[in-house]
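Engineer: just the structure for this:
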Amino acid sequence: MTRFWITLDEGVDLVFRALKEAKGGEIYVSKIPSYKVTDLAKAINPEVKLKEVGIREGEKLHEVMITEEDSLFTYSYNGYYIIYPHFDWWDSERHFTKGGNLVTEGFRYASDSNNQWLSEEEMRHRLQSIDIVN
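Structural biologist: Numbering: from 1, shown residues only. Presented below is the predicted three-dimensional model:
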């Protein structure tokens with residue numbers, strides 16, 4: 001299993017950015033690193049004995065933040081994406097945030113195919129900074 005890693009500060013920064021820039025209806029998505037759940041367990045306890053138990057009902061193997069269908073309305077910015085609404089009433093000429101580039105059709109932003117990955121050591125360091133691991 002893979003997941004995205006976002007800090008509280010990164011989440012708050014994205015919310016403030018959206019509050020400042022958004023015109024209504026946009027979805028802001030941070031560009032953040034992924035990690036393997038097994039690597040997180042090892043970062044917390046390097047001596048852990050892992051046992052594969054399979055996926056539970058309702059669980060996902062990977063997180064998907066932007067689907068292929070959303071790629072038609074998604075623009076990439078420095079550090080984040082914006083998925084723009086595609087309603088008749090939404091005027092993209094007037095409401096578009098400048099400086100972004102349309103992602104390629106079929107683009108998918110998911111934790112398993114991300115280009116940023118955290119190592120066990122990087123996770124251990126991040127966990128230490130919030131007093132989760134000694």
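Engineer: helices and strands around the longest helix anywhere in the chain, which ones?
Structural biologist: The residue-count maximum for a helix in the chain (DSSP state H) belongs to helix 8-21. If you count contacts as 3 or more C-beta pairs under 8 Å, 6 or more residues apart in numbering; DSSP states H and E, helix 8-21 packs onto strand 27-30. (Each C-beta comes from the backbone N, C-alpha and C, glycine too.)
Engineer: output the contacting helices and strands for the helix or strand that comes right after the strand it packs on.
Structural biologist: Going down the chain from strand 27-30, the next helix or strand is strand 34-36, by DSSP states H and E. On a contact count with 3+ C-beta pairs under 8 Å, 6+ apart, strand 34-36 meets strand 2-4.
Engineer: give me the sheet partners of the strand it packs on and which way each runs.
Structural biologist: Strand 2-4 pairs in its sheet with strand 34-36 (antiparallel), by DSSP bridges.
Engineer: so which residues make contact with the longest helix of the chain?
Structural biologist: Outside helix 8-21, the residues that touch it by C-beta atoms under 8 Å, 6 or more residues apart in numbering are 26, 28, 30, 32, 80, 97.
Engineer: then stretch 67-83 to CSV, C-alphas only?
Structural biologist: Only the C-alpha atoms of stretch 67-83 are listed here, as CSV (Å, rounded to 0.1, in the frame of the first residue of the first chain):
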residue,chain,number,x,y,z
THR,A,67,-8.2,11.0,-11.9
GLU,A,68,-7.6,10.6,-15.7
GLU,A,69,-11.1,12.2,-16.2
ASP,A,70,-10.0,15.3,-14.1
SER,A,71,-6.9,15.8,-16.2
LEU,A,72,-9.0,17.6,-18.8
PHE,A,73,-9.5,20.4,-16.3
THR,A,74,-6.3,20.2,-14.2
TYR,A,75,-3.5,22.8,-14.3
SER,A,76,-0.1,22.3,-12.7
TYR,A,77,1.4,25.1,-10.6
ASN,A,78,4.5,25.4,-8.5
GLY,A,79,3.8,23.0,-5.6
TYR,A,80,0.2,22.3,-6.3
TYR,A,81,-2.5,21.5,-8.9
ILE,A,82,-5.9,23.1,-9.5
ILE,A,83,-8.8,21.2,-10.9
